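1. What follows is a predicted protein model with its sequence.
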Protein chains: 4
Amino acid sequence: WKEIKFSTASYTDSSDDETSPRDKQQKNSKGSSDFCVKNIKQAEFGRREIEIAEQEMPALMALRKRAQGEKPLAGAKIVGCTHITAQTAVLMETLGALGAQCRWAACNIYSTLNEVAAALAESGFPVFAWKGESEDDFWWCIDRCVNVEGWQPNMILDDGGDLTHWIYKKYPNMFKKIKGIVEESVTGVHRLYQLSKAGKLCVPAMNVNDSVTKQKFDNLYCCRESILDGLKRTTDMMFGGKQVVVCGYGEVGKGCCAALKAMGSIVYVTEIDPICALQACMDGFRLVKLNEVIRQVDIVITCTGNKNVVTREHLDRMKNSCIVCNMGHSNTEIDVASLRTPELTWERVRSQVDHVIWPDGKRIVLLAEGRLLNLSCSTVPTFVLSITATTQALALIELYNAPEGRYKQDVYLLPKKMDEYVASLHLPTFDAHLTELTDEQAKYLGLNKNGPFKPNYYRCLAPTPPLKTGKPG
Amino acid sequence: WKEIKFSTASYTDSSDDETSPRDKQQKNSKGSSDFCVKNIKQAEFGRREIEIAEQEMPALMALRKRAQGEKPLAGAKIVGCTHITAQTAVLMETLGALGAQCRWAACNIYSTLNEVAAALAESGFPVFAWKGESEDDFWWCIDRCVNVEGWQPNMILDDGGDLTHWIYKKYPNMFKKIKGIVEESVTGVHRLYQLSKAGKLCVPAMNVNDSVTKQKFDNLYCCRESILDGLKRTTDMMFGGKQVVVCGYGEVGKGCCAALKAMGSIVYVTEIDPICALQACMDGFRLVKLNEVIRQVDIVITCTGNKNVVTREHLDRMKNSCIVCNMGHSNTEIDVASLRTPELTWERVRSQVDHVIWPDGKRIVLLAEGRLLNLSCSTVPTFVLSITATTQALALIELYNAPEGRYKQDVYLLPKKMDEYVASLHLPTFDAHLTELTDEQAKYLGLNKNGPFKPNYYRCLAPTPPLKTGKPG
Amino acid sequence: WKEIKFSTASYTDSSDDETSPRDKQQKNSKGSSDFCVKNIKQAEFGRREIEIAEQEMPALMALRKRAQGEKPLAGAKIVGCTHITAQTAVLMETLGALGAQCRWAACNIYSTLNEVAAALAESGFPVFAWKGESEDDFWWCIDRCVNVEGWQPNMILDDGGDLTHWIYKKYPNMFKKIKGIVEESVTGVHRLYQLSKAGKLCVPAMNVNDSVTKQKFDNLYCCRESILDGLKRTTDMMFGGKQVVVCGYGEVGKGCCAALKAMGSIVYVTEIDPICALQACMDGFRLVKLNEVIRQVDIVITCTGNKNVVTREHLDRMKNSCIVCNMGHSNTEIDVASLRTPELTWERVRSQVDHVIWPDGKRIVLLAEGRLLNLSCSTVPTFVLSITATTQALALIELYNAPEGRYKQDVYLLPKKMDEYVASLHLPTFDAHLTELTDEQAKYLGLNKNGPFKPNYYRCLAPTPPLKTGKPG
Amino acid sequence: WKEIKFSTASYTDSSDDETSPRDKQQKNSKGSSDFCVKNIKQAEFGRREIEIAEQEMPALMALRKRAQGEKPLAGAKIVGCTHITAQTAVLMETLGALGAQCRWAACNIYSTLNEVAAALAESGFPVFAWKGESEDDFWWCIDRCVNVEGWQPNMILDDGGDLTHWIYKKYPNMFKKIKGIVEESVTGVHRLYQLSKAGKLCVPAMNVNDSVTKQKFDNLYCCRESILDGLKRTTDMMFGGKQVVVCGYGEVGKGCCAALKAMGSIVYVTEIDPICALQACMDGFRLVKLNEVIRQVDIVITCTGNKNVVTREHLDRMKNSCIVCNMGHSNTEIDVASLRTPELTWERVRSQVDHVIWPDGKRIVLLAEGRLLNLSCSTVPTFVLSITATTQALALIELYNAPEGRYKQDVYLLPKKMDEYVASLHLPTFDAHLTELTDEQAKYLGLNKNGPFKPNYYRCLAPTPPLKTGKPG
């Protein structure tokens, strides 16, 4: 048998030169220099990562196949600003296969996988991104995407709103040709709603963050697995018999509770909303105030979207070795700042794990410094990213092809039918067979045989309003 | 110790006289004759049933307590048409305690508990209902509620729309004084929307069927338990190892699947909606078309809200002893009519259980002739009825007290805040302690500390549109 | 279609004559009078019950098929004393098909299904049993089975040891021809071990109560379902959110806990054995002393095999409406006698449900007066009885065919291989496909390809020693 | 606040000198040279690891406390040969606190944690072990433990039997003073039984591998968590909706199946033993032959203890991306050798993960080259190791203190009472409160109030005979 050992040098290459990518002469094998990455030589390694990701992103691959005849994005000039990962690469190459031209920057200065960026550049995508950009680099990269001689974007795919913001600020005239914005993040969506309220949104925008399918996967299904993974990788603890309090019983909380209960933990829940509280009761969790159990629990998990849910007072009362982590929104839920006081000693025991030590020797195990555990200490499965990427692709297609007048200068949710389409594209992964309505049944139900099957107002059980699982960074 | 043995004669009294209640002279112990029930002597027995129900309806009892000072329904004259059960009695007596005058008829000719009706009549409530009314009796009872000398209703509480229909038809002028209609059933709500569309709705109406709390309990939580109970009581089967197909993965289907999986059954799911289908996959159920598994399954359960989901062709292919039942809407899901053919023999093996026998000896076990299993072969827990009754009471209070102009001649959903209030009234049952927002947190979230905590559009995952768990009859 | 409505008169026939069956002239359609049942005319109805039971006892039916060639019980003359139910009838008719002659009495004065006894008598089985025997009748029936002109038993199948006891007492000489005793009950097995210890056991005896397969089904799997069924049928309560304490975490306790947890109850466990206690912890249950939770729980379930686990003191401290029931051994676990004091009022609210009322109005809901809930208020699924009956049949075959000397005058457990055979006969019910070892694998494991696959000492996790789920009566 | 950053140099110190520890002059801070480790300077780092482990090994710490008065191992001279980890260190230091003198070597050439060995040496323990020993080093280290001037062991603690073997071979006379052997591994136990059979065992030996508590934790509880962890760390896959086949339904298989089912996977089971097979059915898993599902599953997991359960033929038929791994005994279950053929390409994609690529491009994802997933790709929780270590300590105490004649030259299981004691020492971790029998109850049950509560033959449901979860290495 043949054994292939890939050089993994690319990951740890400490001898990598320190020259800024901006200062390097770069050229791919076809002679193009319209990109800026860390090291174009890592392209082969990145390509393999992309190929592996393709296998778990069947929906995008299916879109590519269907696009062999018609090119729904023919003529589209998309400028994108997202994390640069293998999964994003599959999305970009799918957009390309659907007829679009793309230019891309990173939405985060740390999250770029250099070898993936190299592979994209090698394939001819103008990519401007590397791991460890400075803030100046960050905006430079974005600018290189939009400020191009002889090319002007007509679609925006944004994650966080920075790209949109840059164009608003620097090239407002570009919006004349832009048909729409697709925005993926909570923050970016928030910005768009503010623009819209202020009457300043000058093109239609699609909020893909709140599509039913994406929400269910980002929150309930993904967190059900990542809470276990995140805790295990950081602490090697055993779940059986442990007492856990989960703050918040939205979708994220439901996922965490279900997983821990299944592993034999004893789970308590806190809630502010009586409807979610009653659900916790019916699902078999004791509903308590945090103070009632804080002295006895082994683990505290926040997923409320709220701030200062775990206060210094709570932390003072926890028992020795109690683990504290956050699965909710940003890093506000645990009052980590309150732990930066002189009498406490912080000890970094491994990556993402701090022991905070009280004067009497009590240790609290703080994970990821209170940032999102599932993003810091676990991985987001490709399948979840596939749901997101497919939703983005369909939103781009919808906005680009919508007849005049369907969308105005406002923020829209993905039409229910397309939401259902995203879901249907992922069913073959599970060898799942959908039932079709007969004509008679469709008539009886008053539905179109091809959907949508639910009214537009149909949403998943949204978590407490501002709670959304964010993106790394 | 003292032993009390209640005469259970009331239930089986075969010597009960055959005289129609309409032809009897009736008088309660206080001398009132303004009622019509089967046998006023059963009042004591009915009172005990009501007292037992009160213990499981803490929310209504809490409302009574709070009403000791203010009487939010003072002046209200409510005419009601619902099932007459111990739980309804608790509702009626609560409305009375809140200041209302009530007159009541049954919404179903079979469902009245005679002893409860007697107890209400004995307590002074003008009740017109008995088990086994003729259709003529049915309308006569309704008419006796509304057509009264010197008393005119100003609120309607309806379940099915028959009372509303009768007033529209016979006494349309009454609507001048009526402040609103509270409607509980799918059918009744449907009629109201039709009236509204046609511009004929002349007072505000509240659709309490679709409140989040009620939906979750009527569907998910109630069905999770009643599927097991209904199957066990009718067939004494063992769940472990059985192969089951559940048609439909809305809330009802989710409840059925979760319960059977927990008991060791192997569960397959069919769905038409890709979003629900993907949820079934993630919850660990193989998504199939009915045809793929029909030959191998031991149990077929429908909960789609659709019609002819199980056809004669499916029934022909089932294996011997397969159990077929319906947890969905009305009795359309299984094509029972197709089994009324000469070559098949029906054998009633016990109440609600038919063996349908094929010429080759194969037997299908059909439960409740395809009607709702949970209503025919199980019981609805008082706690679930408590949720419904509390929702009705709050809707009446809201409509009766709403300032001029808040509600127009349209159909409304219960305000989110009151929905949350219903939930909060039921938390003490579980000794559940709700967390309160601090001022700082409320500000951060942009919420009022007392709720509502979710936007009005927030709904539970509604089942396929027309699917709603109905009421008996 | 043809509709068959069986007269259900047999069940409720209040006009049934009061003459003792012993005083009646009885004759079946073939002219035999060698039996004594309540009413031979009920035979048709009983036959149908037997046919339905046959469908859920595939293992016995498989034994019948295999017996078409050889008759492993040819020449066997079996006298039996068990409950007379449809399932026993399937066993008896199987023994007949295997070549045996049988005579049968009931082991309990209440449990006989008269119509089944009639069907057996009609088919030619000498059955002596009816519902509601006096104690004198009981021993008369047993005597009629053994004291027969020209027929002497050579095998005993007993359930409780009364038949064995009678023969010891009245006809000790019969043991000369008897090849063995198969005993099914805890009590009967206990008596046999005592005889054996005392050196008075004069034939081999097989203890089928403790076979692995039977134990797992009688305890874990059966109780997992019957705890829900028993509670629901008696109280119509909702499980979701209820706080429950389960006393004892043997197999029965494990089944109860798993089921209630799955239905959304919050479950506490008490244990005396640290190994079982640690298992409860790892399975996610808080391990407490009963006193710690007695004031807060909604349900108390005993399954310890111990006595006075729930004392009057506990009962005094329970909250209003608390439900108390027993899933363990006999009726000793709850100190019911302590509730028979003058200041408490007992109210029988429905069959098997008593409210015990304290002077302050507090009610405790006592189920089945502390007897076994699963036998009093639920049904034992035919499948579980099939396991038992098959075990009995194989034990009879083993003892009857064992070569001289294999079994001495002692009490034996069913050989592991036959235990495995019982299990294998039930796999087809689930369309389950067993894997066969290859020769190479068998050699590697040091096993015979046909089993036994486990050593003889291999036992299920036995509950606290004396705890065994008994039989009704 | 103070931040402490430990140098993690010890882990990655590439500049570590290449000199063999045997060739170094070593001395701890107290001047002792009676040890041989990699680098005594790492002691501080190792001490911290030991302190962290102490927090999760409460049972040993409790033993230390109880030993403050009496020293049950006073006079004991223990020579040990186990993995050298933080948990072993806690055990060794506990043995010291109980009065024993210890000398220690590693039972595996790779598994030693150098910094822990350093910490032990610094504390004065004669430890001879480092990561990456040669085979010659291995035996040299063992010899240095036993072959000491003026010190002779009187107890052996072994893991694998190598130490025992060495003494048998080189210093047979030592057995005159040795009171007993405690052996922890399957292999070592097997060797001891062989010695015993051959009449060559010259001291009593205690088989701690088969104690109930240890078995349950090593197999069921540990594997329930490590199957998820092992799969997630290696593949980042999502469990929801995945089809999985688990070969073998012993304790390990039960743990794997329960965990995956809880995460939303669809699980199939294969079995050879009908009793385990029937349990799989009742637990809700379809029982199949591997061939029936091999084309459709996403994951194949072996836990049979058998060999060649997954053959090349199976591997040929798996679908693209199928993951194959082993949770069972050693590395025989998957026929990995059959994959070393020229037409297949192996690609190492990350540590412990190989893609085996068929000529048509199909990839199989093979984990840990078929070795134990839970040991290769996950971690064994300290709590599980605590159970093992406590069992070892108690076995040493028992053997050392047993009165003359209690143990002969044979292999023994830990007495039930001590097994229960191990469990009871771990209950405080869960704040679990054991119930005590009253005198009356103890009498009723015929038990001593302090246990043992189960007969000695009481065992957990053992997996197929040779299946035992081994140790790393």
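-> Yep, it's here. Numbers count the residues shown, from 1 in each chain, chains lettered A, B, ... in the order given.
2. CA only for contacts and neighbour counts going forward, please
-> Will do.
3. So in chain A, where's the weakest helix or strand by average pLDDT?
-> None of the helices or strands of chain A scores lower by mean pLDDT, DSSP states H and E than helix A:9-12, at a mean of 38.
4. And the next helix or strand past that helix?
-> Toward the C-terminal end, the helix or strand that comes next after helix A:9-12 (DSSP states H and E) is helix A:43-55.
5. Sort out which residues of that following helix are buried, please.
-> For helix A:43-55, a neighbour-count test (16 or more other Cα atoms under 10 Å in any protein chain shown) marks A:43-50, A:53-54 as buried.
6. Run through the neighbouring helices and strands of that helix.
-> The elements that helix A:43-55 packs onto, with contact taken as 3 or more Cα pairs under 8 Å, 6 or more residues apart in numbering or on different chains; DSSP states H and E, are helix A:86-97, helix A:114-122.
7. Nearest to chain C, out of these?
-> For chain C, the closest of the helices and strands packed on helix A:43-55 is helix A:86-97, at 37.3 Å, according to Cα to the nearest Cα.
8. Quickly check: that closest one near chain D or not.
-> No. Helix A:86-97 lies out of reach of chain D by Cα under 8 Å from any Cα of the partner chain, never closer than 13.5 Å.
9. And for the one residue in the stretch 101-250 of chain A that gets nearest to chain B, the neighbour number?
-> Residue nearest to chain B within the stretch 101-250 of chain A (Cα to the nearest Cα): residue A:213, separated by 6.6 Å. Neighbour count for residue A:213, taken as other Cα atoms under 10 Å in any protein chain shown: 27.
10. For residue A:275, give me its contacts.
-> Applying Cα atoms under 8 Å, 6 or more residues apart in numbering or on different chains, we find residue A:275 in contact with B:213, B:419-420, B:423-424.
11. roughly how far apart are the closest residue to residue A:363 other than its chain neighbours and residue A:345?
-> Among residues not flanking residue A:363 along the chain, residue A:357 sits closest, at 4.5 Å (Cα to Cα, 6 or more residues apart in numbering or on different chains). Residue A:357 sits 5 Å away from residue A:345, going by Cα to Cα, to the nearest Å.
12. Ok, residue A:57 next?
-> In terms of Cα to Cα, residue A:57 sits 45 Å off from residue A:345.
13. Neighbour count: these two, which is higher?
-> Neighbour count, other Cα under 10 Å: between residue A:57 and residue A:345, residue A:57 has more, with 25 against 21.
14. Next up, the contacts around the residue nearest to that one when sequence neighbours are not counted.
-> Distances taken as Cα to Cα, 6+ apart put residue A:386 closest to residue A:57, at 5.2 Å, once the chain neighbours are dropped. By Cα under 8 Å, 6+ apart, the contact set of residue A:386 is A:56-60, A:87.
15. Could you say which helix or strand holds residue A:386?
-> Residue A:386 belongs to helix A:382-401, assigned by DSSP H and E.
16. Just want the angle from that helix to helix A:86-97.
-> If you take axes from the mean of the first three to the mean of the last three Cα atoms, to 10 degrees, helix A:382-401 sits at 30 degrees to helix A:86-97.
17. Can you point out the buried residues in helix A:382-401?
-> Judged by neighbour count (16+ other Cα under 10 Å), helix A:382-401 contains these buried residues: A:382-400.
18. what about residue A:63, neighbour count?
-> Using other Cα under 10 Å, residue A:63 has 18 other residues around it.
19. Make sure it is actually in contact with residue A:95.
-> No. At 9.3 Å, residue A:63 does not count as touching residue A:95 under the criterion of Cα atoms under 8 Å.
20. Those residues of chain A touching chain C, which are they?
-> Neighbours of chain C within chain A, by Cα under 8 Å from any Cα: A:240-242, A:261, A:263-266, A:281-286.
21. nearest to residue A:28, of those?
-> residue A:263 (50.1 Å; Cα to Cα).
22. tell me the contacts of the closest one?
-> Residue A:263 is in contact with A:239-240, C:283-284, D:224-225, D:259, counting by Cα under 8 Å, 6+ apart.
23. one more time with 7 Å, if that's ok
-> By Cα atoms under 7 Å, 6 or more residues apart in numbering or on different chains, the contact set of residue A:263 is A:239-240.
24. What of the one 10 residues further on?
-> Residues in contact with residue A:273, defined by Cα under 7 Å, 6+ apart, are residue B:453.
25. Apply 8 Å and report the result again.
-> With the criterion set at Cα under 8 Å, 6+ apart, residue A:273 makes contact with B:420, B:434, B:451, B:453.
26. Can I get these in CSV including secondary structure, neighbour count and pLDDT?
-> Formatted as CSV, the contacts of residue A:273 follow (DSSP: H, G, I helix; E, B strand; the rest coil; neighbours: other Cα atoms under 10 Å in any protein chain shown; pLDDT from 0 to 100):
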residue, secondary structure, neighbour count, pLDDT
B:420, helix, 25, 94
B:434, coil, 21, 95
B:451, coil, 18, 87
B:453, coil, 24, 87
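27. Give me the distance between residue A:186 and chain D.
-> Distance, residue A:186 to chain D, by Cα to the nearest Cα, to the nearest Å: 24 Å.
28. Does that residue touch residue A:161 like I think?
-> No. With contact defined as Cα under 8 Å, residue A:186 does not reach residue A:161; the gap is 9.5 Å.
29. Tell me how many other residues crowd the closest residue to residue A:411 other than its chain neighbours.
-> Leaving aside its sequence neighbours, residue A:411 sits nearest to residue A:205 (Cα to Cα, 6+ apart; 4.7 Å). Using other Cα under 10 Å, residue A:205 has 28 other residues around it.
30. So what's the gap between stretch A:100-109 and the chain middle?
-> Distance of stretch A:100-109 from its chain centroid, counting by Cα atoms, centre = their mean, to the nearest Å, is 15 Å.
31. make that stretch A:432-448, sorry
-> Relative to its chain's centre, stretch A:432-448 lies at 34 Å (Cα atoms, centre = their mean).
32. How are the strands of the stretch 301-450 of chain A distributed by residue range?
-> Under the criterion DSSP state E, counting those that start in this stretch, strands of the stretch 301-450 of chain A are mapped to A:323-326, A:345-350, A:353-357, A:363-367, A:411-413.
33. I'd like to know how many residues surround the residue nearest to residue A:363.
-> Other residues lying near residue A:357 total 20 when counted by other Cα under 10 Å.
34. wait, what's in contact with it?
-> Contact analysis of residue A:357 by Cα under 8 Å, 6+ apart lists A:344-347, A:363-364.
35. distance of the closest residue to residue A:124 other than its chain neighbours from residue A:121?
-> Spatially, and ignoring its direct neighbours in sequence, residue A:124 is nearest to residue A:32 (7.2 Å; Cα to Cα, 6+ apart). According to Cα to Cα, residue A:32 stands 9 Å off from residue A:121.
36. Between those two, which has more neighbouring residues?
-> Remark: of residue A:32 and residue A:121, residue A:121 carries more neighbours, 26 against 15, as counted by other Cα under 10 Å.
37. so who does the more buried one touch?
-> Counted by Cα under 8 Å, 6+ apart, residue A:121 has contacts A:28, A:35-37, A:40, A:43, A:127.
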